[in-house]
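1. Provided below for reference: sequence and predicted model.
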Amino acid sequence: LGIKTKGERFSIFMKRTVMRGRLQTILLILILISAYITINLYTQNGNLPKLDVTAHKVYTLSEDTKEYVAGIEDDVRIYVYGFPEENYICDLAKQYAHASEHITYQYIDTNSSDIVKKYNLLNQTQVVIVETDITSKQLFENDFSSYDTITGSEIDLTENAITNAIYSCLSKNQPHIYYLEGHGASGESASTVYQSANALLANNGFKISSVDLLKTGKIPEDCNLIIIPAIYSDLFENEAQLIRDYIQNGGNILLMTESSDTKTVSNLKNLKSIVDIYDSMIDNNGFIIEQDMSNQTIFGQAILIPTLNTEHVVTKSLHDSDSISDRGNNAFVGFYYPNKLILPSEESQAKNKLQVDILASTSESSIFVKEDKQTVGSYPIAAMITKTIKESEDGTDAIKSSIIMIGDTNFCSDRAMTIQNTRVPLSAIGKNVVFFTNAVAGLTEKEDFINLRKPIYTATFTPTNGQNLVVGVIIIAFPILIILIGIIVKTIRKRRN
């Protein structure tokens, strides 16, 4: 009775085979689902490093920042409040803690936190706080990005903002910069005209003030740099004498000009007496335009893109080999109808103990327009001249004074210019403000401030070969593997059948 016919035995075998195949399929699906859940839970809770596939590593700390924070000896605390915890700002803040044993990171997710009470933060506030035992600095959402008016793209400044905040909190030497007042355009002051540039300097440990020498009768003792923007009336003799004495004691000057028919440097006797110390001149009775299309912006000849010195501390961090061909990386500096500089000859440099470093110059095809004359050639438009006032002797340091002359006072200002029917603040163009702040840092011996800032780029997706491989494995290899497993299972079933 228990004997099965051949057909019955075959039917039972097929049912068992199908059931076994179904169980294998279900088991495979369960394994894949379990693997997917496990990997996701691990990556979410494991605090794993994230891949940065942007072209210029926007979301990864630069080597300069890593080197700087690795060398700090004071404790720094970074608090992030209000931003989503998965936000890239939180991820970047964690990287600082990984790079230095003296930096700690904490995400504040509750209003009962002592930090919220200490800094009186509001519920809707998004802020990053950099704190030391002595001082602190708060960074808000608008500190982490800027807008490129030329390309229409957003520029990430997160690393610059956090690194500079750390630098500012730890800086024991805060240079004090004074703008010379009393000779500018009527109703204007440096605090309003150069607001963007001053904000960047102030956020990075520089003190900004103005001085009217006619009122004070002296240059403040804590003055590390005098900035002379374009002046519309000559200095008084006593003002000029105060500045000349300041130079003889090793003081530094930043001089900027703009084109004028009458208020030229050569015609302003007392201002000229200051520039004469460096045997230099700015010919601001004319202006330069650029014929070479590769040295123009979309605004045409109005904004000239110069060639920058790739070796000097003021400009080397601004230089980018793609700054002409790639406008999207915001790497260029743009000058608005600049003046040309007349620099001392080699003979004069040797005789008067001068060192000349050209920071920016125009192309060979640029035109200097003066009255009815047009002269084609390359012209320096920004330079640093250093004069040795007194040689070192008997163990004392040499006394040196430097001046940076820039043939454009508007390029770093917040004055809005109408260019091709578009109102644009010149400080928002390219790296204009960075060029200006670098010049200030170079004259106040704060080169470390220049080197700390990461080059500014937009977050363009350009993965490396290695990153392409990882993405390819995830997107392509896994699906192919699943398909192959399916094919193998199907083949085994057919053979069994």
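-> Looks like it came in fine.

2. Report pLDDT for the residue nearest to residue 136 when sequence neighbours are not counted.
-> Excluding the flanking residues, the one nearest residue 136 by C-beta to C-beta, 6 or more residues apart in numbering is residue 129, at 6.0 Å. Heads up, the C-betas are built off the backbone N, CA and C, glycines and all. pLDDT, residue 129: 93.

3. SS state for residue 129?
-> strand (DSSP: H, G, I helix; E, B strand; the rest coil).

4. tell me which residues of stretch 101-113 are tucked away?
-> Within stretch 101-113, the residues that count as buried by 16 or more other C-beta atoms under 10 Å are 102, 103, 105, 108.

5. With stretch 288-301 instead?
-> Within stretch 288-301, the residues that count as buried by 16+ other C-beta under 10 Å are 288, 289, 290, 295, 296, 297, 299, 301.

6. List just the nearest of those to residue 206.
-> Closest approach to residue 206 among those (C-beta to C-beta): residue 297, at 28.7 Å.

7. Was I right to think residue 121 contacts residue 110?
-> No: assessed by C-beta atoms under 8 Å, residue 121 is found out of contact with residue 110, at 11.3 Å.

8. For the stretch 1-150 of the chain, which segments count as strands?
-> In the stretch 1-150 of the chain, the segments counted as strands under DSSP state E, counting those that start in this stretch are 76-81, 103-108, 127-131, 136-140, 145-147.

9. Return the distance of stretch 313-320 from the chain's centre.
-> 11 Å (C-alpha atoms, centre = their mean, to the nearest Å).

10. tell me the contacts of the residue nearest to residue 136?
-> Listed by C-beta atoms under 8 Å, 6 or more residues apart in numbering, the contact partners of residue 129 are 77, 78, 79, 80, 81, 115, 119, 136, 137, 138, 139.

11. Is it bridged to anything, and to what?
-> Assessed by DSSP bridges, residue 129 has beta-bridge partners residue 79, residue 138.

12. mind checking how far it is from residue 92?
-> Relative to residue 92, residue 129 is positioned 15 Å away (C-beta to C-beta, to the nearest Å).

13. and if you look at residue 201?
-> On the measure of C-beta to C-beta, residue 201 and residue 92 end up 23 Å apart.

14. same thing with residue 236?
-> The spacing between residue 236 and residue 92, counted by C-beta to C-beta, is 51 Å.

15. So between those two, which is more surrounded?
-> Taking other C-beta atoms under 10 Å, residue 236 and residue 92 do not tie; residue 92 has more neighbours (25 against 14).

16. Just to check, the more buried one is in contact with residue 159?
-> Yes: taking contacts as C-beta under 8 Å, residue 92 lies within contact range of residue 159: 6.4 Å.

17. Which neighbours do those two have in common?
-> Common neighbours of residue 92 and residue 159, counting by C-beta under 8 Å, 6+ apart, are residue 61.

18. Near residue 350, how many other residues are there?
-> Neighbour count of residue 350, defined by other C-beta under 10 Å: 10.

19. same thing with residue 441?
-> 24.

20. same deal with residue 125?
-> Residue 125: 14 neighbours (other C-beta under 10 Å).

21. The one 3 residues further on now?
-> When neighbours are counted by other C-beta under 10 Å, residue 128 registers 25.

22. With the one 5 residues further on instead?
-> Residues within reach of residue 133, counting by other C-beta under 10 Å, total 10.

23. which ones are touching it?
-> By C-beta under 8 Å, 6+ apart, the residues touching residue 133 are 74, 75.

24. Of all the strands of the stretch 1-150 of the chain, which one is nearest residue 194?
-> Closest to residue 194 of these, according to C-beta to C-beta: strand 145-147, at 16.5 Å.

25. got the residue ranges for the helices in the stretch 151-300 of the chain?
-> 158-170, 190-193, 195-202, 213-216, 237-248, 269-275 (DSSP state H, counting those that start in this stretch).

26. Residue 372: which of those is closest?
-> Ranking the helices of the stretch 151-300 of the chain by proximity to residue 372 (C-beta to C-beta) places helix 269-275 first, at 24.6 Å.

27. For the closest one, C-alpha coordinates in PDB please.
-> C-alpha atoms of helix 269-275 as PDB (Å, rounded to 0.1, in the frame of the first residue of the first chain):
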ATOM      1  CA  LYS A 269      52.400 118.000  -2.700                       C
ATOM      2  CA  ASN A 270      52.200 116.700   0.800                       C
ATOM      3  CA  LEU A 271      50.900 113.300  -0.200                       C
ATOM      4  CA  LYS A 272      53.600 113.100  -2.900                       C
ATOM      5  CA  SER A 273      56.200 113.700  -0.100                       C
ATOM      6  CA  ILE A 274      55.200 110.500   1.500                       C
ATOM      7  CA  VAL A 275      55.300 108.500  -1.700                       C
END
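
28. Quick check: buried residues in that helix?
-> 270, 271, 272, 274, 275.

29. so how many other residues sit close to the closest residue to the fourth one other than its chain neighbours?
-> Distance criterion C-beta to C-beta, 6+ apart; nearest residue to residue 274, sequence neighbours excluded, is residue 243 at 5.6 Å. Here the neighbour count serves as a burial measure; for residue 243 (other C-beta under 10 Å) it reads 22.

30. Repeat that for residue 303.
-> Residue 303 has 27 neighbouring residues, counting by other C-beta under 10 Å.
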